[in-house]
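1. Using only what follows, build the 3D model:
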Amino acid sequence: MLTKVYGSAVFGVEAQIIVVEVNVDKGIGYHLVGLPDNAVKESNYRIAAALQNNGYKIPGKKITINMAPADLRKEGSAYDLTLALGILAASNQIEHKSIGKYLIMGELSLDGDLQPIKGALPIAIKAQEEGFKGFILPEENAKEAAVVGDLEVYGVKNLKEVIDYFDKKKPLRQIKINTRKEFLQKADFPEFDFSDVKGQESIKRCMEIAAAGGHNIILIGPPGSGKTMLAKRLPSILPPMTLHEALETTKIHSVVGKVKSNGLMSQRPFRNPHHTISSAALVGGGSYPQPGEISLSHNGVLFLDELPEFERRVLEVMRQPMEDREVTIARAKFTVTYPSSFMLVASMNPSPGGYFNDPDAPVTSSPMEMQRYLGKISGPLLDRIDIHIEVAPVLFEKLSEERKGESSIEIRKRVIGARDIQTRRFSNLEQVHYNAQMNTKQIREFCVLDDASKVLLKSAVERLNLSARAYDRILKVARTIADLQNVQNISTLHISEAIQYRSLDREGWLG
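-> Okay, the predicted model is just below:
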């Protein structure tokens, strides 16, 4: 007898329906076809033990299972439950009239318990699009999948619960979530706050500008000056995620199985990879491509601490994704694209010893050593970072102050105000939402300068020998500074402040 059961595979951040055709006929043998990987091939051992431990068995007949489309490689153990129910239905051990209305996924333990799967959210979205009545999956993934409306989601603990449901012995509890209500309830404030930072007012100003315009920023300073502390607090002043951004971000984290059991992500991601990371782990890839750190930080912050310690070739592969805000990974048989619209925050010491060219520093480095150290970072990569700022050590008088600094809540209000201005400005542009995303054409349209500003910028470009990309970055940052002041036209004050934030372009900045 032939039975069809439905599962799904995830490619990139999109899912595709997999039809599992199970045919039980006269003879002996177990044949699984349709390009399964080793984890799928091994499923027959898990299925046999799980069925036996729950009072069922694999029939002693010829079983042929085809996973269509047969030319797509099937990976992982999430098809165990799909295959097991297909075998039971094809051998008439369970009632199966309605089994084709459901999309079924889950990894089986030997006792029939279900283990969580990856990619539950994109699979649920695809199930809803394809018109399935419901989605049956492990209990740990149920809230994640229930984010999708108009789809019955059933979280189950073990194989027996699913069998009893189709045999109409015991109903399953449908998981329902009011997505918007849940999202608003969980949108609490991040644990780190700028009020904890003593001194560093000019750096806080830079972080505010970066947050307001979505600009990349690099902090250069000696050890203990507060670079990491400032970077960790940047998400606390970014605008709260919209529901659309939360769904986008959760989809990516779902693919790698990093979504917590409470479903939709409500906080902007903050990713802080170690400097030994490989290029595939940073931008995504592998034999069977997975999202990298730049995609896991989509709609959030990617913090690269001690930037020159990263391998140069690893950093260079970020250049294209930083411009295009997506990364495309091509393989012989398929291509996947992952979104990567993130804010880059990098930090670095000014020299191998960690200090500026200061005779009083504990460790001194010559200007040549400092220049060689900075040379580990390519000019094209630095060009893609809008704001370069020096972070000086905090004086004792500031550290010992009892008075707290301005809170993240107050700074965030100004950032949200500036972002609202940008939202109205770019309302007719589908791919642009804030100033850092503007291309050259949009910069010319929205960053119009008066004569005095042109003269000032021309002088800076010639004196600092700035590239065309650095010129555009200055205009973007100046536009953001004007937005923070709720001013329509860019003035010389905005241009001069933006020029100050190109420290690494200034000759002799090392002192």
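2. Near the nearest residue to residue 338 once chain neighbours are set aside, how many other residues are there?
-> By the measure of CB to CB, 6 or more residues apart in numbering, the closest residue to residue 338 outside its immediate chain neighbours is residue 295, 4.0 Å from it. Using the backbone N, CA and C atoms, a C-beta is placed for each residue, glycine as well. Residue 295: 30 surrounding residues under other CB atoms under 10 Å.
3. hang on, residue 295 in a helix?
-> Yes: Residue 295: assigned to a helix according to DSSP: H, G, I helix; E, B strand; the rest coil.
4. can you pull the pLDDT of it?
-> Turning to residue 295, the model gives it a pLDDT of 94.
5. check contacts around it.
-> Applying CB atoms under 8 Å, 6 or more residues apart in numbering to residue 295 gives the contacts 252, 283, 284, 327, 338, 339, 340.
6. if I look at the nearest residue to residue 289 once chain neighbours are set aside, how far off is residue 95?
-> Excluding the flanking residues, the one nearest residue 289 by CB to CB, 6+ apart is residue 329, at 4.6 Å. Going from residue 329 to residue 95 by CB to CB, to the nearest Å gives 43 Å.
7. of the two, who's got more company?
-> Between residue 329 and residue 95, counted using other CB under 10 Å, the more crowded position is residue 329 (19 against 15).
8. which of the residues in the strand or helix carrying that one are buried?
-> Residue 329 belongs to strand 326-330 when assigned by DSSP states H and E. Under the neighbour-count criterion of 16 or more other CB atoms under 10 Å, strand 326-330 has 327, 329 buried.
9. Likewise for stretch 8-19?
-> 8, 9, 10, 11, 12, 13, 14, 15, 17, 18, 19.
10. rewinding a little: double-check the residue nearest to residue 289 against residue 285; I have them as touching.
-> Yes: assessed by CB atoms under 8 Å, residue 329 is found in contact with residue 285 at 5.3 Å.
11. Measure how buried residue 446 is and give me the count.
-> Residues near residue 446, counting by other CB under 10 Å: 17.
12. Same question for residue 378.
-> 13.
13. again with residue 223
-> Residue 223: 13 neighbours (other CB under 10 Å).
14. avg pLDDT for the helix or strand containing residue 154?
-> Residue 154 is part of strand 152-156 when elements are defined by DSSP H and E. Averaging pLDDT along strand 152-156 yields 95.
15. For it, name the packing helices and strands.
-> strand 134-138, helix 142-145, helix 159-166 (3 or more CB pairs under 8 Å, 6 or more residues apart in numbering; DSSP states H and E).
16. hmm, who's touching that strand?
-> 106, 114, 124, 133-143, 145-146, 162, 165, 172-176.
17. 6 Å - rerun?
-> 134, 135, 136, 139, 142, 145, 146, 162, 172, 174, 175 (CB atoms under 6 Å, 6 or more residues apart in numbering).
18. buried subset of the residues you listed?
-> Applying 16+ other CB under 10 Å to those flags 134, 135, 136, 139, 142, 145, 146, 162, 172, 175 as buried.
19. farthest pair in those?
-> 146 and 162 (17.2 Å; CB to CB).
20. circling back to that earlier point, if I look at the residue nearest to residue 338, how far off is residue 342?
-> In terms of CB to CB, residue 295 sits 8 Å off from residue 342.
21. ok, the residue nearest to residue 411 when sequence neighbours are not counted - contacts?
-> In this structure, residue 411 finds its nearest non-sequential neighbour in residue 237, 4.5 Å apart by CB to CB, 6+ apart. Residue 237 is in contact with 211, 408, 411, 412, 415, counting by CB under 6 Å, 6+ apart.
22. which stretch of helix or strand covers the third one?
-> Counting by DSSP H and E, the element that carries residue 411 is helix 408-425.
23. Next SSE downstream of that helix?
-> helix 440-446.
24. Quickly find the element holding residue 322.
-> With DSSP H and E as criterion, residue 322 is part of helix 319-324.
25. buried ones in that helix?
-> 321, 322.
26. average pLDDT for the strand holding residue 329?
-> Rounded mean pLDDT across strand 326-330 is 87.
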